[in-house]
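**Student:** model the structure of this input:
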Amino acid sequence: MAHTNEKIILVTGGARGLGEAICAALSCADHSILIADVNYEKAQKVAERLGEKGGRSKAYPVDLSSEESIDKLMNTVREEFGRLDVLINNAGTDITKPITEMATEEWDRVLAVNLRAPFLTCRHALRMMEEREQGHIINIISTAALRGWTEASAYHASKWGLRGFTQALFTEARRKGIKVTGLIAGGMKTPFLLERFPDIDLTTLQDPENVASAIQFIISRSDDSCIPEMMVIPMQETSWP
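**Tutor:** Numbers count the residues shown, from 1 in each chain. Take a look at the predicted model:
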């Protein structure tokens, strides 16, 4: 899969929603897209569709609640490509429940996927990127990291934590020539919202392609500049401000 001047880009949660939009947007350039998702069959279908359009991509199974599964994914990337140029931590989950009804196991899973998994993937990615003193990590955050709303306590905790982690990671990684960006995305027309809230007002949401195009812009900056954080929200965003 390796071609001259290409970027090896790993996208978690790339089988649908924003992740699929990111993979489609970036595959138009001279890049190889590695699509990691718990739903391996859907990830394979995305890879096939990108291939039909001339893109280079490959699907990988991963359970982001499992450190062993994450280790296997990241070690496979190293073995197959020898490097990783861009890591996009896009995958996320939520459980919409009052705090009094949420089981400890449910809380733990949200934090594991949304916060612990990015730590684990970033740790692997940094070790690879440090060898070449270049690379880019993009963590998809949320307006949930800027305020709070009801019955989303675990999601808020994970996204506030991810924003803080990303800012700390930025300060560490830039000393070694590695870029880190936190992308705060407002509500999108994706299954993440539409499946749980079928009556949601679509006029308050944006197309995921809009956020994906922002990622294209972020990774296309020259080596002598970086974007620590960016926010992309719908015109009629209700969650912020």
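**Student:** what about the strands in the chain?
**Tutor:** Chain-ordered strands for the chain, with DSSP state E as the definition, fall at 7-12, 31-37, 56-61, 86-89, 135-140, 178-185, 229-232.
**Student:** helices and strands around the longest one, which ones?
**Tutor:** So the one you mean is strand 178-185. With contacts taken as 3 or more C-beta pairs under 8 Å, 6 or more residues apart in numbering; DSSP states H and E, strand 178-185 sits against helix 117-132, strand 135-140, helix 153-173, helix 208-219, strand 229-232. In this view, the C-beta of every residue, glycine as well, is placed from N, C-alpha and C.
**Student:** return the most buried member of the ones you listed.
**Tutor:** strand 135-140 (a mean of 25; mean count of other C-beta atoms under 10 Å).
**Student:** okay, residue 185 and residue 15: tell me how far apart.
**Tutor:** Noted for residue 185: a distance of 17 Å to residue 15, by C-beta to C-beta, to the nearest Å.
**Student:** and for residue 161?
**Tutor:** 24 Å.
**Student:** next one: residue 130
**Tutor:** Distance from residue 130 to residue 15, counting by C-beta to C-beta: 29 Å.
**Student:** got it, and residue 201?
**Tutor:** According to C-beta to C-beta, residue 201 and residue 15 sit 26 Å apart.
**Student:** how about residue 32?
**Tutor:** Separation of residue 32 from residue 15 (C-beta to C-beta) stands at 17 Å.
**Student:** before we move on, what about residue 208?
**Tutor:** With distances taken as C-beta to C-beta, residue 208 is found 13 Å from residue 15.
**Student:** repeat that for residue 181.
**Tutor:** From residue 181 to residue 15 the distance is 22 Å (C-beta to C-beta).
**Student:** in this protein, which residue is most central in space?
**Tutor:** residue 90 (1.6 Å; C-alpha atoms, centre = their mean).
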